[in-house]
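>>> Just a sequence and a predicted model for now, questions to come.
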Amino acid sequence: MNPSAAPIVCIGGLNIDRKLRLLAHALPASSNPCESHETPGGVVRNVAENLARLGLPVALIAVVGDDAGGRLLLEQAAQVGIDTRAVIRLRRHASDSYTAVLAPDGNLVLGLAAMPLVESLSPWALEASKALRAAAALVVADGNLPPDAWPLLLAEARAGGGRLVGVAVSEAKMERLPEQLAGLHLLILNVGELGTVAADRAAAFAALHARGVERVLVSEGARGLQLSEAGRPLRHWPAPEVDVVDVTGAGDALAAGICAALLRDGGDFATAARLGLDLAALTLQTEDSVHPELDPSFLKDR
């Protein structure tokens, strides 16, 4: 298989992102003035858009409703070059949504996920896109997936020898990951999500490796990234310093940059970490979940 010609397949959340930025410190149980901004969203959708804007072949497996939001999501995905033929359309359903309440400095105060449609990605529903995943150079799955989808994807990775990358979405959804994770090439998550595995970081790394995860990459925010590989010393890369406009989508950009580098450079995690951090830094400087001016030159310059 020629990795440059094979698609990256992204599986998971596809929704409308609504961002409400507070204009002052939040007052509980009161009306708070804010600014409103709406964009397409969903963790793997954001990953997919970043990859498509970088000029890489990417396909999306997700679910939308037959409402205006669903039509907007599909139209926008097609415009940026995402293959949406495997997206499931459910009639008489509203598309999933995520509402982020942001502090005046752009940091997240509260996230509200109304995402029932992603639960439709059962093993039975995923059967229709089996050939697409088998032809992929990389499969990226986010933590929105229902628990029964993971054993299928892990089994496919083990049987086909493909690389499966998991991207965590929240501390609450970490419990969706099965106990046995053999076949997971890389798990990308943040400090809070890692803490749901074990309070002690070393113990959390050891537990995930014991469950079968080959590599665990932890985002420490402004402190950078830490990579744990079983039997090898921990590795760390510092993050670039930037003026933060909005944190929404930065973690997805990080995952996309890492996946782009893995597709291009194989197992060079040093290159992958730096590319992911640079793409996350760029995204922190826009209100959009994906930087609207991102293009293939971003990869060529690195």
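Perfect, I can see it now. Residues are numbered from 1 along each chain as shown.
>>> Pull the number of nearby residues for the residue lying closest to M115 once chain neighbours are set aside.
Nearest residue to M115, sequence neighbours excluded (CB to CB, 6 or more residues apart in numbering): D96, at 4.1 Å. For the C-beta atoms, the positions are set from N, CA and C on the backbone; glycine is no exception. Using other CB atoms under 10 Å, D96 has 26 other residues around it.
>>> do the same with E220
Neighbourhood size, E220 [other CB under 10 Å]: 15.
>>> Okay, M115 and I16: tell me how far apart.
Separation of M115 from I16 (CB to CB, to the nearest Å): 10 Å.
>>> what touches both of those two?
Residues touching both M115 and I16 by CB atoms under 8 Å, 6 or more residues apart in numbering: D96, S97, Y98.
>>> List the contacts of A256.
Residues in contact with A256 (CB under 8 Å, 6+ apart) are N46, V47, A48, N50, L51, L54, G276, L279.
>>> Would you mind identifying the next helix or strand past the helix or strand harbouring the third one?
Translated: A48. Of the helices and strands defined by DSSP states H and E, A48 is found in helix 43-53. Counting by DSSP H and E, the element after helix 43-53 in chain order, helix or strand, is strand 58-61.
>>> which secondary structure elements does that following strand contact?
strand 8-11, helix 43-53, helix 130-134 (3 or more CB pairs under 8 Å, 6 or more residues apart in numbering; DSSP states H and E).
>>> which residues are in contact with that strand?
7-12, 14, 44-45, 48, 51-52, 77, 81-87, 121, 126, 129, 132-133, 136.
>>> repeat for stretch 211-230
179-191, 194, 201, 205, 208-209, 234-239, 241, 251, 254, 258, 269, 273, 276-277, 280.
>>> same check, this time on stretch 184-197
Contacts of stretch 184-197 (CB under 8 Å, 6+ apart): 154, 157, 163-168, 170-171, 174-175, 181, 201, 203-205, 207-208, 212-221, 251, 254-255, 258, 262.
>>> give the contact list for the nearest residue to N46 once chain neighbours are set aside.
Among residues not flanking N46 along the chain, D252 sits closest, at 3.6 Å (CB to CB, 6+ apart). Counting by CB under 8 Å, 6+ apart, D252 touches V43, V44, N46, V47, N50, V167, T283, S289, V290.
>>> The helices and strands packed on strand 58-61: which one's closest to D67?
For the helices and strands packed on strand 58-61, proximity to D67 was assessed by CB to CB; helix 43-53 is nearest, at 16.3 Å.
>>> Pull the distance from the host helix or strand of L208 to the chain's centre.
For L208, the host element (DSSP H and E) is helix 201-210. In this view, helix 201-210 has its centroid 21 Å away from the chain centroid, taken as CA atoms, centre = their mean, to the nearest Å.
>>> in that helix, what's buried?
The neighbour-count check on helix 201-210 (16 or more other CB atoms under 10 Å) flags R201, A204, F205, A206, L208, H209 as buried.
>>> Now do that helix: everything it contacts.
The contact list for helix 201-210 (CB under 8 Å, 6+ apart) reads L181, L187, L194, G195, V197, A198, V216, V218, S228, A230, L234.
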